[in-house]
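# The following comprises the amino acid sequence and a computationally predicted model.
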Amino acid sequence: MKKHLLIVFLLSIISAPIKAQETPKVKEKGHVDENKFRQMYDLLATPNSYRTASGAPGPEYYQQQADYKIDVELDDKNARLFGTETITYTNNAKESLDYLWLQLDQNIAARSSQTPLVESSKMDPSISVAGFSRKYLEEKFDGGFRIDYVKDAKGNPMSYTINHTMMRINLQKPLAHGEKIVLNIKWNYNINNYMIDGGRSGYEHFADGNNLYVLAQFYPRMAVYNDVEGWQNQQFWGSGEFALTFGNYEVNITVPADHIMEATGVLQNRAEVYTPEQLKRYTEAENSFEKPVVVVTQAEAMAAEKGFSTQKKTWKFKAENVRDFGISTSRKFILDAMAVEIGGKKIMAVSVYPKEGNPLWENYSTRAVAHTLKSYSKYTFDFPYPKAVSVNAQDQGMEYPMICWNFGRPQADGTYSDRVKYGMLGVIIHEVGHNFFPMIVNSDERQWTWMDEGLNTFMEYLAEQSFDPNFPADRGPAKKIVPYMSGDQSKLEPIMTNSESIKQFGNNAYGKPAAGLNILRETIMGHDLFDYAFRTYSSRWKFKHPTPDDFFRTMEDASGVDLDWFFRGWFFTTDYTDIGIKQVQQYFVSNDPPKDFKAPEVTRRNRLKASGPLVYMIADASPDFKPEMKKPLNIASITSLDEFVKTKFTAEEQAKLDAPKYFYQVTFDKPGGLVMPIIVQLTFDDGTTEDYKFPAQIWRMNDAEVSRVFASKKAISKIQVDPKEETADIDVTNNVWPKQEVKSKFD
């Protein structure tokens with residue numbers, strides 16, 4: 001007889017007393033659609049022939065081309081850089097251009113820079129003597145570009161206007177569609193000591209008198225012109241990084257003869273700048289897929305750092321289809337390398353570092369580079385460039401095509417903690433990963449930091465976990481973003497905030513987008529749907545300029561999952577997740593109707609529930625059922641059900657019917673503004689558990705609370721919402737029934 005209880009539930013009905021007629025209320029005013037599941041037509045740009053509604057580039061999509069031939073020379077004694085460049089710019093837009101814009105990012109360090117003037121300042125209650133001297137007594141660093149000339153292809157001077165970190169080239173006639181223009185520019189600037197003056201590039205000075213240079217933003221660079229912004233000529237204030245145009249580079253870099261260098265692109269004259277022994281070792285590295293080969297040894301680097309050669313060498317590099325160029329050079333450099341096979345191609349993973357980085361860097365850096373390229377390629381596309389280089393530069397973490405600078409060094413005696421080791425590995429994986437976002441999937445960092453930092457932080461987390469399952473990730477898992485999302489709302493902004501207006505940069509642009517993508521992959525979409533959509537976005541927009549809309553639309557279009565509710569809440573608001581258990585009620589089976597029961601009117605929709613013999617589901621008298629109030633079910637007297645079952649089902653079918661004994665109605669409420677799936681774990685008296693996941697759409701009709709009925713053969717002793725902390729729920733004190741006392745951290 002116990003096998004028949006499923007039919008009890010199907011034929012049951014719960015009734016509510018009929019209220020007496022009330023005085024009609026005044027009709028409330030209408031309202032606009034504020035449902036969390038409304039579509040994002042009000043937030044996304046209208047699709048067009050440049051960018052389609054699917055999130056893919058349209059038939060009219062275009063992008064500009066900027067090719068560079070650059071010659072630079074480093075004055076190591078005076079920390080100064082001199083350069084000339086020839087830019088060939090192609091206008092692929094259908095419209096003509098009246099002028100051109102270039103970025104002069106070094107001007108942020110000029111004495112006339114406005115950047116220090118836009119920051120609020122207060123008097124320090126105490127300050128170091130050296131800090132006081134730098135702040136109030138010493139002459140400020142004299143940085144910024146000195147433009148010697150701008151000339152056309154024939155050598156004629158061109159008119160230009162410098163507006164702080166931007167330079168406008170005033171054309172004599174518009175540059176028409178398909179036309180090219182040649183610019184010749186000569187410049188120089190003082191290189192900053194970034195350890196003192198700050199900055200994403202510059203030099204680190206060592207006690208032995210040597211400098212380690214990480215040179216970037218070192219040349220006037222073309223700004224982006226596209227179908228979304230026109231010219232992206234926002235000033236560089238320091239936080240919003242760079243929007244750049246793809247092109248081909250030929251760069252000759254003259255430095256002291258005892259320097260070792262790495263840079264974007266393929267070295268064209270290795271035999272001229274390496275010794276025969278180093279050439280032999282590099283050939284060995286090109287065929288070593290298991291471990292790095294030391295090409296420039298520590299002994300060679302230590303000998304070079306004592307010499308201070310007055311001779312010069314020119315290193316020649318070529319790079320195809322890159323958006324920028326970076327250089328790192330020093331006589332202190334050790335270099336090791338190994339080969340990585342990706343998509344049937346051989347890629348070189350390379351590290352350069354001073355002896356101060358060993359043994360940490362020799363043990364881990366190049367292996368981390370190789371692993372990163374493999375991991376990112378798995379989830380996006382095969383890494384297309386010939387190499388990736390990791391440079392050890394203290395207090396740095398910055399990326400450029402094929403090269404990046406990364407912090408992390410051991411103590412003077414060579415020892416290091418796990419914190420230093422994993423910190424170094426994390427920054428290497430992150431910065432090498434930037435080769436994919438934004439160096440290839442070329443989003444606009446000046447506008448939307450999260451499009452490269454957030455996506456890259458998510459990918460970094462996946463790479464870290466596959467490098468070491470015990471990797472102590474500080475960003476990525478949903479629970480890691482809870483302290484930020486539960487913080488003071490006056491200090492929060494939506495992810496969709498311009499880069500220069502974000503108060504908590506790391507949490508907003510790195511942590512929260514990464515956590516959101518993890519929630520999508522692990523909880524909402526699943527690995528297969530998410531990975532396919534993410535790979536589609538990456539492949540569609542590699543070597544192109546995507547916008548946030550292109551990302552949002554592609555993730556939906558390629559997966560078949562409606563995500564407007566998620567993107568609207570997670571990216572466009574500062575709402576937070578808080579889902580709790582409001583009430584639990586137990587029901588028991590009875591042949592007798594409850595008080596004031598009135599049979600329902602039979603309609604087409606409820607005919608199955610309201611017709612035929614009725615079996616009543618009676619709510620326990622307690623408003624909030626407790627486990628110790630369990631009541632046994634006695635169904636022996638429900639003869640009409642038995643007759644129905646015997647008539648409806650064969651003996652074989654009866655044996656397959658379920659037999660729930662316990663019925664629980666659980667009401668979930670949602671104090672938080674974000675909708676999320678409801679993840680529920682039931683724990684039974686015997687210690688076993690059962691998991692349920694209800695899609696976020698369960699909230700579509702009621703954004704405040706919803707109920708679910710759980711029918712079970714075993715008594716439930718515990719109900720918990722989000723037991724694995726998958727949804728960034730900021731308050732778990734309401735997640736468990738029966739309510740548990742949460743001890744303070746002090747306790």
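Cool, got the structure.
# quick one, what contacts the residue nearest the centre of the chain?
Nearest to the geometric centre of the chain sits Gly454, at 1.8 Å (CA atoms, centre = their mean). Counting by CB atoms under 8 Å, 6 or more residues apart in numbering, Gly454 makes contact with Ile495, Ala509, Tyr510, Lys512, Pro513, Ala514, Gly516, Leu517. To be clear about C-beta, it is placed using only N, CA and C from the backbone, and glycine gets the same treatment.
# And the furthest pair within those?
Largest separation among the contacts of Gly454 by CB to CB: Ala509 and Leu517, giving 13.1 Å.
# so where do the helices sit in the stretch 51-200 of the chain?
For the stretch 51-200 of the chain, the helices defined by DSSP state H, counting those that start in this stretch occupy 129-132, 194-197.
# how about the ones you listed in TSV, adding distance to Pro276, mean pLDDT and mean neighbour count?
Converted to TSV, the helices of the stretch 51-200 of the chain look like this (distance: least, CB to CB, whole Å; pLDDT from 0 to 100; neighbours: other CB atoms under 10 Å):
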stretch	distance to Pro276	mean pLDDT	mean neighbour count
helix 129-132	47	82	10
helix 194-197	35	93	16
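# How about the backbone phi and psi for Ile191?
Phi and psi for Ile191, reported as degrees, to the nearest 10, are phi -80, psi 130.
# Not counting its neighbours along the chain, what's nearest it?
Excluding the flanking residues, the one nearest Ile191 by CB to CB, 6 or more residues apart in numbering is Ala79, at 4.4 Å.
# Burial check on that neighbour, number of neighbours?
16 (other CB atoms under 10 Å).
# right, and it touches Asn210 too?
No: counting by CB atoms under 8 Å, Ala79 stays clear of Asn210, with 11.6 Å between them.
# Flag the shaky bits of this protein, pLDDT-wise.
Counting by pLDDT under 70, the chain shows low-confidence ranges at 1-24, 589-644, 742-747.
# Return the residues in contact with the residue nearest to Ile191.
Neighbour list for Ala79: Asn190, Ile191, Asn193, Tyr203, Asn211 [criterion: CB under 8 Å, 6+ apart].
# Could you do Phe467 as well?
So Phe467 contacts Ala368, His371, Ser375, Leu425, Ile429 (CB under 8 Å, 6+ apart).
# In JSON lines, list those residues along with secondary structure and neighbour count.
As requested, the contacts of Phe467 are exported to JSON lines (DSSP: H, G, I helix; E, B strand; the rest coil; neighbours: other CB atoms under 10 Å):
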{"residue": "Ala368", "secondary structure": "helix", "neighbour count": "24"}
{"residue": "His371", "secondary structure": "helix", "neighbour count": "21"}
{"residue": "Ser375", "secondary structure": "helix", "neighbour count": "21"}
{"residue": "Leu425", "secondary structure": "helix", "neighbour count": "24"}
{"residue": "Ile429", "secondary structure": "helix", "neighbour count": "26"}
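# want to throw the helices of the stretch 51-200 of the chain into a markdown table with distance to Cys404?
Listed next are the helices of the stretch 51-200 of the chain as a markdown table, based on distance: least, CB to CB, whole Å:
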| stretch | distance to Cys404 |
| --- | --- |
| helix 129-132 | 29 |
| helix 194-197 | 15 |
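# helix or strand for the residue nearest to the centre of the chain, which one?
Element membership of Gly454, judged by DSSP states H and E, is helix 450-467.
# list the buried ones in that helix?
450-464, 467 (16 or more other CB atoms under 10 Å).
# And stretch 269-282, by the same measure?
Residues Val273, Tyr274, Gln278, Arg281, Tyr282 are the ones in stretch 269-282 that count as buried (16+ other CB under 10 Å).
# Of those residues, which is the nearest to Val294?
Nearest to Val294 among the buried residues of stretch 269-282 is Arg281, at 6.9 Å by CB to CB.
# give the contact list for that closest one.
By CB under 8 Å, 6+ apart, the contact list for Arg281 reads Val293, Val294, Val295.
# check which helix or strand covers it.
Assigned by DSSP H and E, Arg281 falls within helix 276-285.
# swap in Asp474?
Using DSSP H and E, Asp474 is not contained in any helix or strand.
# number of nearby residues for it?
Asp474: 14 neighbours (other CB under 10 Å).
# any idea how far it is from Pro494?
As judged by CB to CB, to the nearest Å, Asp474 and Pro494 stand 22 Å apart.
# what does Arg221 give?
Going from Arg221 to Pro494 by CB to CB gives 30 Å.
# who's more crowded, these two?
Between Arg221 and Pro494, counted using other CB under 10 Å, Arg221 has the larger neighbour count: 23 against 16.
# what sits against the more buried one?
Ala66, Leu102, Gln103, Asp105, Phe242, Leu244, Asp324.
# Which pair of the residues you listed spans the longest distance?
Using CB to CB, the pair of those lying farthest apart is Ala66 and Asp105, separated by 15.2 Å.
# which stretch of helix or strand covers the closest residue to Arg323 other than its chain neighbours?
Nearest residue to Arg323, sequence neighbours excluded (CB to CB, 6+ apart): Leu244, at 4.1 Å. Using DSSP H and E, Leu244 is not contained in any helix or strand.
# related to what we said a few turns ago, using a markdown table, lay out the buried residues of stretch 269-282 together with distance to Pro174.
Output for the buried residues of stretch 269-282, formatted as a markdown table (distance: CB to CB, whole Å):
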| residue | distance to Pro174 |
| --- | --- |
| Val273 | 44 |
| Tyr274 | 48 |
| Gln278 | 51 |
| Arg281 | 54 |
| Tyr282 | 49 |
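# what's the most distant pair in those residues?
Greatest spacing in these, by CB to CB: Val273 and Arg281 (14.0 Å).
# now the contacts of Gly454: which count as buried?
Among the contacts of Gly454, those classed as buried by 16+ other CB under 10 Å are Ile495, Ala509, Tyr510, Lys512, Pro513, Ala514, Gly516, Leu517.
# Make JSON lines out of the contacts of Ala79 and add distance to Leu529 and neighbour count.
Converted to JSON lines, those look like this (distance: CB to CB, whole Å; neighbours: other CB atoms under 10 Å):
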{"residue": "Asn190", "distance to Leu529": "52", "neighbour count": "19"}
{"residue": "Ile191", "distance to Leu529": "49", "neighbour count": "26"}
{"residue": "Asn193", "distance to Leu529": "49", "neighbour count": "16"}
{"residue": "Tyr203", "distance to Leu529": "47", "neighbour count": "23"}
{"residue": "Asn211", "distance to Leu529": "50", "neighbour count": "20"}
